[in-house]
Structure formats: structure tokens, C-alpha cells
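Participant: No letters, just coordinates:
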Ligand code: G3P
């Protein structure tokens with residue numbers, strides 16, 4: 001499962017990259033609006049930091065087919081042709097995806113709340129489909145189950161499109177989709193930090209250090225021990 005950061009703040013991106021095995025970054029208009037920089041300033045910084053080969057997903061904002069295609073052209077010119085263009089899986093979005101596919105653009109169908117949206121977006125040429133797991137949960141729809149159903153539909157129809165699950169609010173949601181072997185998950189920094197947070201682990205590590213220091217002296221590690 002690819003592991004991406006759903007955020008645009010450079011400090012957070014650098015911090016998460018320093019710790020975790022990260023494959024890339026996703027943004028959306030709301031995430032960009034939460035920062036202080038203009039969109040392309042923020043996106044160029046992210047691309048420069050993560051490198052040309054890392055996955056970067058950037059959303060088109062226009063709501064016409066021509067507008068989405070023009071947004072995609074500009075995004076690809078600014079931050080690389082390899083950038084995945086996020087397009088909401090609406091009727092307009094599906095029409096735009098078909099055009100973008102013909103131009104060789106990489107596409108992530110986004111704002112997915114139902115399996116048929118994912119199926120049609122995959123047929124329209126999306127490389128990734130992005131179900132909003134927690135937002136479905138908030139509607140009383142089981143986001144994990146829906147996402148698994150989408151994976152089954154893609155597999156059974158032999159579609160190469162992968163799932164990029166989004167909108168996570170807890171580790172259990174990530175775990176269940178990881179167990180199911182979905183293609184990718186994009187996760188906000190605060191949820192990423194919770195993935196391996198566990199007081200028992202901290203206590204175990206502290207106890208090892210304390211025991212070792214009782215034998216060898218304070219601050220001594222394997223490097224200086226006799
Ligand atoms: O890009 C979609 C995803 O970021 C939505 O996440 O946390 O706003 O539900 P959230």
C-alpha cells in the first residue's frame with residue numbers, strides 16, 4: 001500500500017518525511033486554502049522537496065470539462081507532467097477524465113462516496129480512485145466496507161485502476177484497508193502520528209534503556225559499552 005501525506009504545509013511534510021516511509025503528497029483546494037501561500041508557490045515547494053519521481057496529486061477546481069482540462073494543463077506545466085490530476089467523479093468530471101486520458105495525463109478521480117462512481121471513473125481512465133472513508137462513515141455508510149467493495153469491483157472487472165483511500169480519522173480505518181491490500185492511502189499528519197503511537201511501546205523502550213544504564217552507567221549505549 002502506498003502511503004501519502006494529505007497536507008500542504010512544508011514543515012509538516014518535512015517532519016513526516018523524516019520519520020515515515022512516505023511515497024508522496026496529496027492536496028485538495030481546502031488543504032491549499034488552509035495554508036498561507038498561493039497554490040503554485042506551495043505546490044512547487046512540495047514538488048521540489050519530494051522530488052520528480054514521488055507521487056503528487058493536485059486537484060482541478062474548474063467545474064466545466066474545458067475548465068478542468070485547462071486546470072490540468074497548468075498544473076502539469078507548473079509541477080510536472082507526472083503529477084496526478086484530481087478530478088471529482090461527477091458527470092462533468094467523468095467527461096473531463098476521458099479527455100485528459102487521451103492527452104496522457106495521470107488522473108485521480110476524487111470525491112468518491114459510492115462504488116459505481118469508482119467503477120465509472122476507472123472506465124473513464126482514472127489511474128486512482130479516491131473514496132472518502134471517514135466522510136462516508138459520517139453519512140452512516142460504512143466507508144471501509146464501501147472501499148473494499150470498490151476494490152472487489154476493480155479486481156473482478158480486471159480494471160488496472162488503484163484505490164487511493166482518503167479522509168481517514170483513525171488508525172483502525174487505515175489498518176483495515178492495509179489488511180485488504182488496497183493500492184494507496186493518503187492520511188493527514190495528525191492521523192499518521194497516531195498509527196504507531198502506543199504508551200506500551202514507549203514504556204518498553206524506556207525500561208530497556210534504564211536496565212542497560214543500571215549495568216553500564218547513565219548515557220552509555222552499545223557504542224561505548226565494555
Ligand atoms: O482529498 C480528500 C480528503 O483530503 C478528504 O479528507 O479529512 O477532509 O475528510 P477530509
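Facilitator: That came through fine. All of these numbers come straight from a predicted model, not from anything done at the bench.
Participant: Now this structure against the ligand: closest residue?
Facilitator: Residue nearest to the ligand within the chain: residue 167 (3.3 Å; Cβ to the nearest ligand atom). Yep, even glycine has a C-beta here, placed from its N, CA and C like the rest.
Participant: what sits against that residue?
Facilitator: Contact analysis of residue 167 by Cβ atoms under 8 Å, 6 or more residues apart in numbering lists 131-136, 143.
Participant: Residues in contact with the lengthiest helix in the chain: which ones?
Facilitator: The longest helix of the chain (DSSP state H) is helix 199-216. For helix 199-216, the surrounding residues in contact (Cβ under 8 Å, 6+ apart) are 219-221, 224-226.
Participant: So which of the residues you listed is surrounded by the most neighbours?
Facilitator: Highest neighbour count within these: residue 220, with 14 neighbours (other Cβ atoms under 10 Å).
Participant: And the strands in this structure?
Facilitator: Under the criterion DSSP state E, the chain contains strands at 2-6, 24-26, 55-59, 84-88, 106-112, 128-131, 162-165, 184-187.
Participant: Mind putting the ones you listed into CSV with mean pLDDT, mean neighbour count and distance to residue 41?
Facilitator: Shown next, in CSV, are those (pLDDT from 0 to 100; neighbours: other Cβ atoms under 10 Å; distance: least, Cβ to Cβ, whole Å):
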stretch, mean pLDDT, mean neighbour count, distance to residue 41
strand 2-6, 98, 21, 18
strand 24-26, 98, 25, 15
strand 55-59, 98, 25, 13
strand 84-88, 98, 26, 19
strand 106-112, 98, 26, 22
strand 128-131, 98, 30, 24
strand 162-165, 98, 26, 25
strand 184-187, 98, 26, 21
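Participant: okay, the ones you listed in TSV with distance to residue 72 next?
Facilitator: Below are those laid out as TSV (distance: least, Cβ to Cβ, whole Å):
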stretch	distance to residue 72
strand 2-6	19
strand 24-26	16
strand 55-59	9
strand 84-88	4
strand 106-112	8
strand 128-131	15
strand 162-165	17
strand 184-187	19
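Participant: Could you list the contact residues of this protein toward the ligand?
Facilitator: 6, 28, 110, 132, 134-135, 166-167 (Cβ under 6 Å from any ligand atom).
Participant: Just the ones of those residues in helices?
Facilitator: 134-135.
Participant: quick check, nearest of the residues of the chain next to the ligand to residue 122?
Facilitator: residue 110 (13.1 Å; Cβ to Cβ).
Participant: Touching, that closest one and residue 89? I think so.
Facilitator: Yes. Between residue 110 and residue 89 a contact is recorded at 6.8 Å, counting by Cβ atoms under 8 Å.
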